[in-house]
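*Asks:* 3D, please:
(chains A, B, C and D)
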Protein chains: 4
Amino acid sequence: MDAATPRFVFAREERVRFGHCDPAGIVFYPRYYEMLNAVVEDFFTLGLGIPFDQLLGPRRVGLPTVQLDSGFERISRMGDVLVQRVAIEHLGRSSLRLFHHYEGPDGRRAWFRQSLVCTSLETHRAQPLPDDVRSALLALSGLPESTP
Amino acid sequence: MDAATPRFVFAREERVRFGHCDPAGIVFYPRYYEMLNAVVEDFFTLGLGIPFDQLLGPRRVGLPTVQLDSGFERISRMGDVLVQRVAIEHLGRSSLRLFHHYEGPDGRRAWFRQSLVCTSLETHRAQPLPDDVRSALLALSGLPESTP
Amino acid sequence: MDAATPRFVFAREERVRFGHCDPAGIVFYPRYYEMLNAVVEDFFTLGLGIPFDQLLGPRRVGLPTVQLDSGFERISRMGDVLVQRVAIEHLGRSSLRLFHHYEGPDGRRAWFRQSLVCTSLETHRAQPLPDDVRSALLALSGLPESTP
Amino acid sequence: MDAATPRFVFAREERVRFGHCDPAGIVFYPRYYEMLNAVVEDFFTLGLGIPFDQLLGPRRVGLPTVQLDSGFERISRMGDVLVQRVAIEHLGRSSLRLFHHYEGPDGRRAWFRQSLVCTSLETHRAQPLPDDVRSALLALSGLPESTP
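*Replies:* Alright, predicted model coming up:
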């Protein structure tokens, strides 16, 4: 899949808040990663129909991030609305790679390439993605079946 | 410079706190980036002898992060002490690339490769690194003079 | 005004996220205060029709919190939706006291009594509330004109 | 015990960081509460000799905050060092009230009065403070034995 033309399958918006911004008046970059986790939560709950709180709570399925590359291209200020889009780049047996776009009216503000691994929250060891998660990801992604 | 054998020039420690951890009992990854900014602050103030608060405050020199790649290799729990090391990978006219290691007793927990650009906080445009910053970086890094 | 029967003039909802919760699986209380600032922002922008980002940005009007009392009555977990309500308890020449409720399906989860002072962001000194802010607060509150 | 003359039994310092500050250039108040939790952690681990991570981790003892009153008296900026002091105001069978001071060179910056309740992290119900915690609090506080 060509990252230059990602096929986005989910979008949400988030308004940049006072508390996201630093003394330079722009988003303090650790806050972008808090937003990123909110995107992943909403992508699961709303995009895939798999409630994220059920997954990590009663189902004890973890999805820790193991690799995360990011680019910050334009500054964002308090009050800006960011459109956050998600593409599924790769789906493995126990892993998943997402590509994220944050856009403002002037173009792309930031991007993130995020590899997540499915784990048991009892042992913190890798395990295959649950069948319902895997099916929902496949259906939404349009990707062919694949293994890592 | 070979990233496999970084030449670390600064180190600090940070204890993982309750507030860094998530319901899975391990560090919530956005907190690693808050720690990262603390490392950069201390690296400037203590490692380079350039007070970071003076730089961003009265001197109005910004150092936004423009690219940031990260790997999360082992989990960290509340109470763990992380040794955070910094290497200077590249020094350009108006940019800087740092490589960071976070280590626990069991080995490397996470790494970060961070590109920062020097800006004016009045205009948010790139500008050359101030002479004192550049000299301190060169002296500490052992790198030859270079341009981007 | 009797705090036992607050007259709420604004409400919003916020879903408790993974990143709000601690290793005990419940909201880490500093995150409630991040939510509180989001409530104040939305109360100004949406409730009063005074864009908060304009107020603190170009208009250079500050609204620092000077007193804040809080009670945490029931725990909140990931996935819970909190209804956040705001009442205007007191309106002075340069100050404002708000009362906040956070409710879940099982009743009140938390409350906050917050005193804010209007300042100039140039000097950080107190100044009268701008006329448009004062008028909007009076209109919404149903309070009589008052001085501190 | 007279809150006007608290008997402080523990102190630590924390430097105000870039990430603690907002676009007004001063500490964003939710960050004061993150610092507060760090104070409580260090008070237990270093002041009482009861490792906080052991308490909340393997021992499954919770200490949620149920009431928290706060005053913000002077602004703090990036680079400021805050001296954070703790007094034990009240010790009950299953509860504890702390009074906190944050001081800068110009005097008191903020204060907090914090009531914590001892709970089981299995049930989130109140339970008596463990004997070792209670003994360490009594020894440090100089308070007489008391019940709620």
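
*Asks:* now tell me what touches the longest helix along chain A from outside.
*Replies:* If you go by DSSP state H, chain A has its longest helix at helix A:29-42. For helix A:29-42, contacts defined as C-beta atoms under 8 Å, 6 or more residues apart in numbering or on different chains pick out A:10, A:12, A:14, A:19-21, A:52, A:63, A:68, A:70, A:72, A:82, A:84, A:86, A:98, A:100, A:102, A:110, A:112, A:114, A:116, B:28-31, B:33-34, B:36-37, B:64-65, B:68, C:17-19, D:19. Placement of C-beta: from N, CA and C, glycine included.

*Asks:* same check on stretch A:44-59?
*Replies:* A:9-10, A:12, A:40-42, A:61-63, A:86, A:121, A:130, A:132-133, A:136-137, A:140, B:23-24, C:18, C:25, C:77-79.

*Asks:* repeat that for stretch A:127-137.
*Replies:* Stretch A:127-137 has contacts (C-beta under 8 Å, 6+ apart) with A:44, A:48-50, A:55, A:59, A:61, A:88, A:91, A:93-96, A:118-120.

*Asks:* partner strands of the strand or helix carrying A:Arg12, with direction?
*Replies:* According to DSSP states H and E, A:Arg12 maps onto strand A:8-15. Take DSSP bridges as the rule and strand A:8-15 pairs in its sheet with strand A:81-91 (antiparallel).

*Asks:* give me the next element, helix or strand, following the strand it pairs with.
*Replies:* Sequence order places strand A:95-104 as the next helix or strand after strand A:81-91, per DSSP H and E.

*Asks:* the helix or strand just after that next one pairs with which strands, and in what direction?
*Replies:* Moving toward the C-terminus from strand A:95-104, the next helix or strand (DSSP H and E) is strand A:107-117. Paired strands of strand A:107-117, with direction, are strand A:65-72 (antiparallel), strand A:95-104 (antiparallel) (DSSP bridges).

*Asks:* A:Leu82 bridge partners, please.
*Replies:* A:Glu14.

*Asks:* any weak-confidence spans in chain A?
*Replies:* Within chain A, the stretches with pLDDT under 70 are A:1-4, A:144-148.

*Asks:* show me the residue at the heart of chain A, geometrically.
*Replies:* In chain A, the centroid-proximal residue (C-alpha atoms, centre = their mean) is A:Val40; its distance is 3.9 Å.

*Asks:* from D:Asp106, how far out is that residue?
*Replies:* Taking C-beta to C-beta, to the nearest Å as the measure, A:Val40 falls 44 Å from D:Asp106.

*Asks:* same thing with A:Val39?
*Replies:* Taken as C-beta to C-beta, the span from A:Val39 to D:Asp106 is 42 Å.

*Asks:* and for A:Cys118?
*Replies:* Separation of A:Cys118 from D:Asp106 (C-beta to C-beta) stands at 52 Å.

*Asks:* check A:Ala136 too.
*Replies:* Applying C-beta to C-beta to A:Ala136 and D:Asp106 gives a distance of 57 Å.

*Asks:* looking at those two, which is more packed in?
*Replies:* Applying other C-beta atoms under 10 Å in any protein chain shown to A:Ala136 and D:Asp106 shows that A:Ala136 carries more neighbours, namely 17 against 11.

*Asks:* give me the buried positions along the helix or strand containing that one.
*Replies:* In the assignment (DSSP H and E), A:Ala136 maps to helix A:131-141. Buried residues in helix A:131-141, counting neighbours by 16 or more other C-beta atoms under 10 Å in any protein chain shown, are found at A:Val133, A:Arg134, A:Ala136, A:Leu137, A:Leu140, A:Ser141.

*Asks:* again with stretch A:97-106
*Replies:* So, applying 16+ other C-beta under 10 Å, buried residues of stretch A:97-106: A:Arg97, A:Leu98, A:Phe99, A:His100, A:His101, A:Tyr102, A:Glu103, A:Gly104.

*Asks:* so what sits opposite the last one in the bridge?
*Replies:* Beta-bridge partners of A:Gly104, counted by DSSP bridges, are A:Gly107.

*Asks:* got the contact list for the spatially closest residue to A:Asp22 that is not a sequence neighbour?
*Replies:* The shortest distance from A:Asp22 to any residue other than its chain neighbours is 4.0 Å, reached at A:Phe28 (C-beta to C-beta, 6 or more residues apart in numbering or on different chains). By C-beta under 8 Å, 6+ apart, the contact set of A:Phe28 is A:His20, A:Cys21, A:Asp22, B:Asn37, D:Phe18, D:Gly19.

*Asks:* hmm, 10 Å instead?
*Replies:* Contacts of A:Phe28 were listed using C-beta atoms under 10 Å, 6 or more residues apart in numbering or on different chains, and they are A:19-22, A:34, B:33-34, B:37, B:64-65, D:18-23, D:28.

*Asks:* measure it to B:Phe28 for me?
*Replies:* For A:Phe28 relative to B:Phe28 (C-beta to C-beta), the value is 16 Å.

*Asks:* how much space is there between the residue nearest to A:Asp22 and D:Tyr29?
*Replies:* Computed as C-beta to C-beta, the A:Phe28 to D:Tyr29 distance reads 16 Å.

*Asks:* distance from the chain centre to stretch A:78-85, please.
*Replies:* 15 Å (C-alpha atoms, centre = their mean, to the nearest Å).

*Asks:* gap between the nearest residue to A:Thr119 once chain neighbours are set aside and chain D?
*Replies:* Using C-beta to C-beta, 6+ apart and skipping the chain neighbours, the partner closest in space to A:Thr119 is A:Gly62 (4.0 Å). As judged by C-beta to the nearest C-beta, to the nearest Å, A:Gly62 and chain D stand 17 Å apart.

*Asks:* and for A:Gly62, the neighbour number?
*Replies:* Count around A:Gly62 with other C-beta under 10 Å applied: 24.

*Asks:* can you pull the contacts of it?
*Replies:* A:55-56, A:116-127, B:22-24, B:26, B:75.

*Asks:* apply 6 Å and report the result again.
*Replies:* Shown in contact with A:Gly62 (C-beta atoms under 6 Å, 6 or more residues apart in numbering or on different chains): A:Thr119, A:Leu121, B:Ala24.

*Asks:* would you reformat those as TSV and include neighbour count, distance to B:Thr5 and secondary structure?
*Replies:* Shown next, in TSV, are the contacts of A:Gly62 (neighbours: other C-beta atoms under 10 Å in any protein chain shown; distance: C-beta to C-beta, whole Å; DSSP: H, G, I helix; E, B strand; the rest coil):
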residue	neighbour count	distance to B:Thr5	secondary structure
A:Thr119	20	31	strand
A:Leu121	18	36	coil
B:Ala24	21	33	coil
